[in-house]
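Q: One predicted model, sequence on top.
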Amino acid sequence: MRRRSILSAFALSAVMAASTWVVAQAAAPQPDAKAAAGAAFASSWDEFQALKAKAKGGTVFTPMTVPDWSGIWRRAGNPEAMDASPIVEAMTPKYKAAYAEKRARIAKGIEWDRLSWCLPMGMPRWLADPWLHEFIVTPKQTWMLYEQLQEERRVYTDGRGHVSDAVALPQWEGDSIGFWDGDTLVIHTNHMKAGEYWRGAPDFSFQVSTIERWRRVDADTIEAQLTVYDPVSLSHPVHLTYTYHKIKDPDVRIDYDSCEEGNNNFRTAEGGTGTLLPGEPGYRDPTNFGIPEVAIDSRPK
Amino acid sequence: MSAMNVRKADMKQLKWLVAAAMLASAPVWSHHSAAMFDMQKTVVVSGTVKEWQFMNPHSWLQVMVVDAGGKEVQWSFEAAAPAGGGSSPNSLLRKDTFKPGDKITVETHPMKDGRPAGILGAVTFADGHKWIPRQLGPPPGAPPAAPPSPPPAT
């Protein structure tokens, strides 16, 4: 009887927590892609230039007037539960077919995420996953810090242009420049690596570029609106919205996130996810990996 | 707690276990797919904590279990990491959440391949108190999410 009452309480608390999560997801739907995504522009750069012209070149801040985005922020919800339909609707046949194949493999339990190699998420997945974010805002640069593998982005708002095509290489986070339109930080990013929007989501190509509009909506909420252009994987731009909540616990820090030392995942022969267990060949003891043998017994209990 | 054992959840408890454990474990975010775990199956494992490895990218709870044949087997249960806010002293996962020697019963979605491992679900300690995995959702105290703003006209 006691066992059953415990289980009942467990189930109830889980349902309550899950309900909260569902509400948060439902309150952040993806706007209509065609209407929202600046389909009138041939490229993200054209749209970015139009936005900048409309903002009369952008708002100039001083260190005293720059928007306050201090704190630690985290996106609510499981990205695997996000609605991919606005992306799927816009996808080109080749990428739509690849996505269908990916979902079929996942349905069979075969799934691999490059994060399991301890590789970065990169842009624009940077916006989706619920690790911790922090923003260091200054008049001429905004540093967008991220807990997962310290994937930091630097957004230059000093008027400079992108890195020259002659020397630019695809980067996990791309190359970002921006301007302020009042309290909204508008960012243009290019030179990204191909990837997926979030785990299990559609893929995009090396030709992807994005426009972001970041704004602190209220004391506890920051919102990012993302417009994705990719002439290879998308027939028209796609618009997605991400909401971040402030973590109020002052003891939460963005610490160094070392993935390698505790990672025993591997890609299976069929392309799925495997993990090594203690005692198996190649298993990496996460507690002492990389620690001098002489110092192992000095670890704090 | 009775002698350490491994058993499938009986039918009486199954409906609760499946509903609760699926909800409890599925949203916990990780750096890999959960495809290697059988999310449709829940087993209950009792044993003694050998080591609590509280670290990134995942924490693991190592538990020594005596199987039906009397052989001692090490079970490995994967949990969330300090990253993602888990480093907070107020989070549900702490470096002292589990201690070597703790007698515990774990509800888990096991590995599909039958090896002794799974996702760390609810844990019951010898004194009857229970630890339940955290959910991914708005941080504690966060207001309900506001509807997103419409994109600016350009």
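A: Great, that's in hand.
Q: which strands and helices sit next to the longest strand along chain B?
A: For chain B, the longest strand by residue count, based on DSSP state E, is strand B:43-53. Other helices and strands packing on strand B:43-53, by 3 or more CB pairs under 8 Å, 6 or more residues apart in numbering or on different chains; DSSP states H and E, are strand B:6-8, strand B:59-66, strand B:72-79, strand B:103-110. Heads up, the C-betas are built off the backbone N, CA and C, glycines and all.
Q: State the distance from residue B:75 to residue B:31.
A: 21 Å (CB to CB, to the nearest Å).
Q: Please read the previous query as pertaining to residue A:243.
A: When distance is defined by CB to CB, residue A:243 is 22 Å away from residue B:31.
Q: Would you mind telling me which of the two has more residues around it?
A: Set residue A:243 next to residue B:31 and count neighbours by other CB atoms under 10 Å in any protein chain shown: residue B:31 wins out with 27 against 22.
Q: What pLDDT does the model give the more buried one?
A: pLDDT for residue B:31: 73.
Q: what's the answer for the one 5 residues further on, then?
A: Predicted confidence (pLDDT) for residue B:36: 88.
Q: what's the answer for residue A:80, then?
A: 76.
Q: So it lies in a helix, does it not?
A: Yes: counting by DSSP: H, G, I helix; E, B strand; the rest coil, residue A:80 is located in a helix.
Q: ok, it to residue A:129 distance?
A: Distance from residue A:80 to residue A:129, counting by CB to CB: 10 Å.
Q: Quick check on these two: which one has the bigger neighbour count.
A: residue A:129 (22 against 19).
Q: the strands in chain A, which residues?
A: Using DSSP E, strands in chain A cover A:72-75, A:132-137, A:141-146, A:153-156, A:175-181, A:184-190, A:195-196, A:203-204, A:209-218, A:221-229, A:238-247, A:265-267, A:273-275.
Q: how about those strands in CSV, adding distance to chain B?
A: Below are the strands of chain A laid out as CSV (distance: least, CB to the nearest CB, whole Å):
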stretch, distance to chain B
strand A:72-75, 6
strand A:132-137, 6
strand A:141-146, 11
strand A:153-156, 18
strand A:175-181, 8
strand A:184-190, 8
strand A:195-196, 12
strand A:203-204, 15
strand A:209-218, 6
strand A:221-229, 6
strand A:238-247, 4
strand A:265-267, 5
strand A:273-275, 5
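Q: Generate TSV for the ones you listed, with mean pLDDT as supplementary columns.
A: Formatted as TSV, the strands of chain A follow (pLDDT from 0 to 100):
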stretch	mean pLDDT
strand A:72-75	91
strand A:132-137	95
strand A:141-146	97
strand A:153-156	98
strand A:175-181	98
strand A:184-190	98
strand A:195-196	96
strand A:203-204	98
strand A:209-218	97
strand A:221-229	97
strand A:238-247	94
strand A:265-267	93
strand A:273-275	93
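Q: of all those, which lies closest to residue A:61?
A: Judged by CB to CB, the one of the strands of chain A that comes nearest to residue A:61 is strand A:175-181, at 6.2 Å.
Q: got the contact list for the closest one?
A: By CB atoms under 8 Å, 6 or more residues apart in numbering or on different chains, the surrounding residues in contact with strand A:175-181 are A:51-52, A:54-55, A:57-61, A:67, A:142, A:153-157, A:160-163, A:168, A:185-191, A:212-213, B:152.
Q: now these: which count as buried?
A: A:51-52, A:55, A:58-59, A:61, A:67, A:142, A:153, A:155-157, A:162, A:185-191, A:212-213 (16 or more other CB atoms under 10 Å in any protein chain shown).
Q: is it true that residue B:65 touches residue B:77?
A: No: counting by CB atoms under 8 Å, residue B:65 sits too far from residue B:77 to count as a contact (10.7 Å).
Q: Tell me which of these two has more neighbours.
A: residue B:77 (25 against 19).
Q: which residues does that one form a beta bridge with?
A: Beta-bridge partners recorded for residue B:77 (DSSP bridges): residue B:61, residue B:118.
Q: Kindly provide the distance from it to chain A.
A: For residue B:77, the distance to chain A equals 11 Å [CB to the nearest CB, to the nearest Å].
Q: Contact partners for that residue?
A: B:60-63, B:106, B:108, B:117-120 are the contacts of residue B:77 under CB under 8 Å, 6+ apart.
Q: could you pull out the helices for chain A?
A: Taking DSSP state H as the criterion, chain A carries its helices at A:2-26, A:33-36, A:44-54, A:85-90, A:93-107.
Q: Give the other helices and strands that the third one contacts.
A: Using 3+ CB pairs under 8 Å, 6+ apart as the contact criterion, the neighbours of helix A:44-54 among helices and strands are strand A:175-181, strand A:184-190, strand A:209-218, strand A:221-229.
Q: hmm, 7 Å instead?
A: Packed against helix A:44-54 by the contact rule (3 or more CB pairs under 7 Å, 6 or more residues apart in numbering or on different chains; DSSP states H and E) you find strand A:184-190, strand A:209-218.
Q: Looking at the ones you listed, which is nearest to residue A:104?
A: Closest among the helices and strands packed on helix A:44-54, using CB to CB: strand A:209-218, at 28.2 Å.
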